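>>> My questions are about this predicted structure, shown below with the sequence.
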Amino acid sequence: MAFNLAVFLAESAFGVGVLGGVVGGSAAVAKNTKLHQKGEIKTEEAIRDSAEEALGAGVATAFSAVTAGAVGGGLMVSLVTAFAAAACGKYAWDRGVEAVHKRLKIEGSTVYPL
């Protein structure tokens, strides 16, 4: 029997977060590859932003899964709860990363302009 990564990861909130990180990170890599090819960002910026986005998406997805599980309810309640929790989690992640960038004086961020 073949190994099914999605089913394996769906068994825990951490696993769901890993899957969210893969999806969010892949989207960031695609975005940053395009920006890098156009010469709009440096390699280091593309790598940093992609890593930050992957981690942020993973954290937001795990937070979403835990919150939706805690609230329970039907399909619509769970979907709305999951969406709201993910949005709040990603917003908090982005503000935290922005604060770290300012504190470390990291310039040239594609997502968090100073």
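Cool, the structure landed. Just so we're clear, the structure is a prediction, and the values are computed from it rather than from any experiment.
>>> buried residues in stretch 86-95?
Under the neighbour-count criterion of 16 or more other CB atoms under 10 Å, stretch 86-95 has 86, 89-90, 93-94 buried. No exception for glycine: its C-beta is placed from N, CA and C like everyone else's.
>>> swap in stretch 6-16?
Neighbour-count burial for stretch 6-16, counted by 16+ other CB under 10 Å, picks out 9, 13, 15-16.
>>> Stretch 24-40 now?
Buried residues in stretch 24-40, counted by 16+ other CB under 10 Å: 24-25, 28-29, 31-32, 36.
>>> Make a markdown table out of these and add secondary structure and distance to residue 49.
Formatted as a markdown table, the buried residues of stretch 24-40 follow (DSSP: H, G, I helix; E, B strand; the rest coil; distance: CB to CB, whole Å):
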| residue | secondary structure | distance to residue 49 |
| --- | --- | --- |
| 24 | helix | 11 |
| 25 | helix | 10 |
| 28 | helix | 6 |
| 29 | helix | 9 |
| 31 | helix | 8 |
| 32 | helix | 6 |
| 36 | helix | 10 |
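>>> how about these in CSV, adding pLDDT and distance to residue 3?
CSV is the format used below for those (pLDDT from 0 to 100; distance: CB to CB, whole Å):
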residue, pLDDT, distance to residue 3
24, 97, 23
25, 97, 21
28, 97, 26
29, 98, 24
31, 97, 30
32, 97, 30
36, 96, 33
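>>> can I get those in a markdown table with distance to residue 43?
Listed next are these as a markdown table, based on distance: CB to CB, whole Å:
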| residue | distance to residue 43 |
| --- | --- |
| 24 | 20 |
| 25 | 16 |
| 28 | 14 |
| 29 | 12 |
| 31 | 14 |
| 32 | 9 |
| 36 | 7 |
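>>> pLDDT below threshold where in the chain?
Scanning the chain for pLDDT under 70 picks out 108-114.
>>> still on that earlier bit, closest to residue 42 out of the buried residues of stretch 86-95?
Closest to residue 42 out of those is residue 94 (20.7 Å), distances taken as CB to CB.
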